[in-house]
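Undergrad: predicted model and sequence below, questions to follow.
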Amino acid sequence: MVLETMEAKLDDFNQVFQKFRSEEATKKNLKFILFLADKDPMTSRSWCPDCNVAEPIIYQKLEAANNDIAMLKVYVGDRPTWRNPNHRFRVDPRFRLQGVPTLIRWENDGITGRLEDYEAHVETKIDALLSDK
């Protein structure tokens, strides 16, 4: 089916998140938020090894899904920014991130499922998140 993606960084997250939550994005059957570490502009690779492993697997599974999907890809910043215990996504009551990558299923304006950093690359868990089991 169709995988429609949007991207946000720390400085434009609120604006992009509002658009993601809008009526246009809700026409998609499923909505996901993928939190990732920033990529190094010199190498185009993330500073986070788990993100480098999980991101292509997540894309492969979402693109192969039998549903139209809207995905918001959110970059959490460079390593020092992310390591701050008061990072906005660590303390935001909507997300309370512990690590990256984190894949969240977003329904009815809230989290209905999530895969944390240590499991975000596991295909069977992504399948379960897609099927809402």
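TA: It's in.

Undergrad: the residue most distant from the middle of the protein, which is it?
TA: Met42 (22.9 Å; CA atoms, centre = their mean).

Undergrad: need the three-state assignment for it.
TA: When classified by DSSP: H, G, I helix; E, B strand; the rest coil, Met42 comes out as coil.

Undergrad: give the buried residues for the lengthiest helix in the chain.
TA: Ranked by residue count and defined by DSSP state H, the top helix of the chain is helix 49-63. Going by neighbour count (16 or more other CB atoms under 10 Å), the buried part of helix 49-63 is 50-52, 54-55, 58, 61-62. Quick note: C-beta positions are derived from backbone N, CA and C, even for glycine.

Undergrad: columns pLDDT on top of those residues, output as JSON lines?
TA: Formatted as JSON lines, the buried residues of helix 49-63 follow (pLDDT from 0 to 100):
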{"residue": "Asp50", "pLDDT": "96"}
{"residue": "Cys51", "pLDDT": "96"}
{"residue": "Asn52", "pLDDT": "96"}
{"residue": "Ala54", "pLDDT": "97"}
{"residue": "Glu55", "pLDDT": "96"}
{"residue": "Ile58", "pLDDT": "97"}
{"residue": "Lys61", "pLDDT": "96"}
{"residue": "Leu62", "pLDDT": "95"}
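
Undergrad: noted, bye for now.
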